[in-house]
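Q: requesting a structural model of the entry that follows:
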Amino acid sequence: MKNSVFSQKIYHLLLPAYRWYLQTPERSLDEAYQAALKIKEIESKHFNGNKIDVDSAIYSNSVMDYFESDLKKLLKISRMRLTEFRASRWFLNEENQKAAQKAGIEYPNASLVLEKLNFVDQVISKYTVFNQPTTSSTLVSTPALPVESTSIAPPLTPKKVEQKVEKKPRLKADTLGILPRSILSTITRLQVELDPNSEQDVVQNFRQTQRRTIISIRFILLLIIVPLLTHQLAKIFVVGPLVDNFRGSEQVQVFLNFEMEEEALRELQRFEEKIKFQNLISNAPPLNPEQIETEMQEKAREIAEEFRGESANAIKNVFSDIFSVGAFIWLLLVSKSSIGVIKDFFDHIVYGLSDSAKAFIIILFTDVFVGFHSPHGWEVILEGLSRHWGLPANRDFIFLFIATFPVILDTIFKYWIFRYLNRISPSAVATYRNMNE
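A: Numbering: from 1, shown residues only. Here you go, the predicted structure:
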């Protein structure tokens, strides 16, 4: 009797979860259908029933960014729910359907399911080019093409894609023609200039370049401002009160390391010598030992309070920097499309410079970080970081770092010049070698 009562309780507890599992196909399809309806609603209200085009000139860049964000979110929901719908239908067999009928779950008829699937597929098929992030696909690849190749090409069928993949690279002899290449390029340029759509292509390329620049600058500012702002807010509102609460007592350790203690002793010694010197050069009567001791005690309390605050500030910096690194990593994870855009932005800037400008930047970078005077800069940076976190400046570690890291960095940089820059811009490498000599 007890076993049957217990079994009934378990059955009543598991029944809602089982009903939720049986309703997964219907629920997934309905969510995908609702997301497609929202996309269709945006198209009807704001784009006259046409697809949401991120390069449209109807609205400003901020408005288009808003529509683009909503579109990517709704497309992601539709695709994920369609995948869930297919997977759940594959797992549901005939026994599950009979169990659903016994549980009082009624599945929609096949015609309604097919109608919803057809509608979702029609909406998603308009945006098949958005399989990759919209911003990076439309902004990264297109500006690298010449003007004559920016016209929209028809989508490739699987047969065409296969033919394109199997196509062998042309040999150098195959590129030779009857006429010189300069004449052919001149004819091609004239064709582009006489093309009535060339102006529209130029305007479209300019808009894409402008959007790429805006997105890149905005993302760079976010990478700088967000970690700094996170550090300050965490230090003021989270880490600061906690550290002050634990270190509020005057019995707490004043110095975090021996370097702070030595600095405090040197400051106190200079104060004592200053008092004696001022007393010697003035006409005042000499100070007795009790007066000197009193002033030394007051100065010692001031120094102790100062270094107690500096020690607390170093501890706050450690935990606040952890928050800053977390914010920086989170920003990188949620901005993968912006990373692609900013990579293309820097590629256009670096490889678009003249040969002398490239050589100047290379020499400046190498001299600052791996040059003859770079050890002094690395030493200042490491000592500043040690003081920032309240750590003792380990001279052995600093010298070991200076002896290894710039050498590794110099090797990586030379490998980049040999492997990539020498292939892309050999004239810049020649200019760099001449300037460096």
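
Q: quick one: the helices in the stretch 251-400 of the chain, in order.
A: 258-281, 289-333, 336-351, 355-370, 374-388, 395-416 (DSSP state H, counting those that start in this stretch).

Q: what's the least confident stretch among the ones you listed?
A: Of all the helices of the stretch 251-400 of the chain, the segment with the smallest mean pLDDT is helix 336-351, scoring a mean of 83.

Q: could you give the angle of that helix to helix 289-333?
A: Taking axes from the mean of the first three to the mean of the last three CA atoms, to 10 degrees, one finds that helix 336-351 is oriented at 100 degrees with respect to helix 289-333.

Q: pLDDT averaged over stretch 43-54 - what is it?
A: 80.

Q: next one: stretch 201-212
A: Stretch 201-212 shows a mean pLDDT of 80.

Q: distance from that stretch to the middle of the chain?
A: Centroid separation for stretch 201-212 versus its chain: 23 Å, with CA atoms, centre = their mean, to the nearest Å.

Q: what residue lies at the spatial centre of this structure?
A: Note on the chain: the residue nearest the mean C-alpha position is residue 332, at 2.4 Å, using CA atoms, centre = their mean.

Q: need the contact list for the residue of the chain most remote from its centre.
A: Centroid-distance maximum for the chain: residue 285 at 68.5 Å, with CA atoms, centre = their mean. Applying CB atoms under 8 Å, 6 or more residues apart in numbering to residue 285 gives no contacts. Bear in mind the C-beta positions are built from the backbone N, C-alpha and C, glycine included.

Q: could you list the low-pLDDT ranges of the stretch 51-200 of the chain?
A: Applying pLDDT under 70 to the stretch 51-200 of the chain flags the ranges 54-57, 90-109, 128-182, 184-185, 191-198.

Q: ok, now with 80
A: 53-66, 87-110, 128-200 (pLDDT under 80).

Q: quick revisit: tabulate the helices of the stretch 251-400 of the chain (CSV), appending distance to residue 114.
A: Listed next are the helices of the stretch 251-400 of the chain as CSV, based on distance: least, CB to CB, whole Å:
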stretch, distance to residue 114
helix 258-281, 75
helix 289-333, 38
helix 336-351, 34
helix 355-370, 59
helix 374-388, 64
helix 395-416, 56
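
Q: how deep is residue 217 tucked in, by neighbour count?
A: 12 (other CB atoms under 10 Å).

Q: can you classify it by secondary structure?
A: Using DSSP: H, G, I helix; E, B strand; the rest coil, the structure places residue 217 in helix.

Q: do you know how far it is from residue 206?
A: 17 Å (CB to CB, to the nearest Å).

Q: cool, residue 199 as well?
A: 11 Å.

Q: same question, residue 395
A: Applying CB to CB to residue 395 and residue 206 gives a distance of 55 Å.

Q: quick check: domain ranges of the protein?
A: 1-134, 222-335, 353-436 (automatic domain parsing).

Q: how many neighbouring residues does residue 200 have?
A: So residue 200, with other CB under 10 Å, has 12 neighbours.

Q: and for residue 59?
A: Residue 59, neighbours per other CB under 10 Å, totals 13.

Q: thought it was touching residue 65?
A: No: with contact defined as CB atoms under 8 Å, residue 59 does not count as touching residue 65 (9.6 Å).

Q: so what sits against both of these two?
A: Residues touching both residue 59 and residue 65 by CB under 8 Å, 6+ apart: none at all.

Q: on that earlier part again, nearest to residue 188, of the domains of the chain?
A: domain 353-436 (23.4 Å; CB to CB).

Q: the closest one: end-to-end distance?
A: End-to-end distance of domain 353-436 (CA to CA, to the nearest Å): 18 Å.

Q: and residue 29, how many neighbours does it have?
A: 23.

Q: residue 118 too?
A: So residue 118, with other CB under 10 Å, has 10 neighbours.

Q: where's it relative to residue 76, distance?
A: Applying CB to CB to residue 118 and residue 76 gives a distance of 20 Å.

Q: ditto for residue 84
A: From residue 84 across to residue 76, the span is 12 Å (CB to CB).

Q: what's the spacing between the nearest residue to residue 424 once chain neighbours are set aside and residue 212?
A: Spatial nearest neighbour of residue 424, excluding adjacent residues (CB to CB, 6 or more residues apart in numbering): residue 351 at 6.4 Å. From residue 351 across to residue 212, the span is 15 Å (CB to CB).

Q: ok, those two, which is more surrounded?
A: The neighbour comparison of residue 351 against residue 212 (other CB under 10 Å) goes to residue 212, with 22 against 12.

Q: secondary structure element for that one, which one?
A: Secondary structure assignment for residue 212, by DSSP states H and E: helix 198-233.

Q: report all helices and strands that that helix contacts.
A: When contacts are defined as 3 or more CB pairs under 8 Å, 6 or more residues apart in numbering; DSSP states H and E, helix 198-233 packs onto helix 134-139, helix 289-333, helix 336-351.

Q: ok, how many other residues are close to residue 231?
A: 21.

Q: revised request: answer the last question for residue 375.
A: Using other CB under 10 Å, residue 375 is surrounded by 16 other residues.

Q: which ones are touching it?
A: 402, 406.

Q: please renumber so the chain begins at 56
A: Fine by me, first position is 56 from now on; the one you just mentioned is residue 430.

Q: now residue 311: phi and psi?
A: Note on residue 311: its backbone torsions stand at phi -80, psi -30 [degrees, to the nearest 10].

Q: any idea how far it lies from residue 263?
A: Applying CB to CB, the value for residue 311 to residue 263 is 53 Å.

Q: can you get me a residue count around residue 479?
A: 12.

Q: for it, what are phi and psi?
A: The phi/psi pair for residue 479 (degrees, to the nearest 10) is phi -80, psi -40.
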